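In: pasting the structure only:
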């Protein structure tokens, strides 16, 4: 069975700190890994990392995929209170016409002023 | 462009009662998903539709949960009878093409509390 494991499960930091969130995966036929941010509502898409994309950057957020060691990290620099959210890692599973996302449990990030 | 619509946003019921959630996906999206997200966990897929057909319902507790998408557009998810452990947020998501993982759009969810 495919597995997606995130760590830490929760993290409390102060504004301005840099944080690193981890996601390890064990999936057959790996194609991509996705990061989502979930505030008190629907998850919103952040990054997709594929076989050909190792590092993505968007402002203060960046993500790296290590296909050899089967993990990804999400970095947030100069954190702000608005970064407080649950960060979800997900890996698509594909079997025939069945295509779905398997999510990790998420990392709850709290950024204090 | 209108997003994925869900209702109700919140529902509180007592155990053994029934509840139904409704989802209207983004127009033209053939694939619709229902996820269950228990507090402190990531979303877990309950059922996946492709148009009005079920593609995957392997994790749907069929003794109490049912879902339908009769006309290939709106969908309803029903729980009858509810148990305490069904307390969760039920997320509906849709996509134009299930192979495009980044093109999965979520609704804001329906939060169920079972007392």
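Out: Yes, it's here. Since the model is a prediction, treat every value here as computed from it, not as a measurement. Numbering: from 1, shown residues only, chains lettered A, B, ... in the order given.
In: residue boundaries of the strands in chain B?
Out: For chain B, the strands defined by DSSP state E cover B:5-7, B:10-13, B:19-24, B:31-37, B:44-50, B:53-56, B:65-68, B:75-79, B:88-95, B:105-106, B:110-114.
In: I meant to write chain A there.
Out: Under DSSP E, chain A gives strands at A:3-7, A:10-14, A:19-26, A:32-38, A:44-50, A:55-58, A:61-66, A:71-76, A:85-95, A:98-103, A:107-112.
In: For these, give me TSV that also has mean pLDDT.
Out: Listed next are the strands of chain A as TSV, based on pLDDT from 0 to 100:
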stretch	mean pLDDT
strand A:3-7	93
strand A:10-14	96
strand A:19-26	95
strand A:32-38	92
strand A:44-50	89
strand A:55-58	80
strand A:61-66	92
strand A:71-76	94
strand A:85-95	86
strand A:98-103	78
strand A:107-112	96
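In: picking up where we left off before, any idea which of the strands of chain B gets closest to chain A?
Out: strand B:105-106 (3.7 Å; C-beta to the nearest C-beta). Every C-beta, even on glycine, is put in place using the N, C-alpha and C of the backbone.
In: Quick one: list the elements packing against the closest one.
Out: On a contact count with 3 or more C-beta pairs under 8 Å, 6 or more residues apart in numbering or on different chains; DSSP states H and E, strand B:105-106 meets strand B:88-95.
In: Now do the buried residues in the strand it packs on.
Out: B:88, B:89, B:90, B:91, B:92, B:93, B:94, B:95 (16 or more other C-beta atoms under 10 Å in any protein chain shown).
In: restrict the residues you listed to contacts with chain A.
Out: Filtering the buried residues of strand B:88-95 for neighbours of chain A using C-beta under 8 Å from any C-beta of the partner chain leaves residue B:91.
In: and of the buried residues of strand B:88-95, the nearest to residue A:17?
Out: Distance to residue A:17, by C-beta to C-beta, is smallest for residue B:89 among those, at 28.7 Å.
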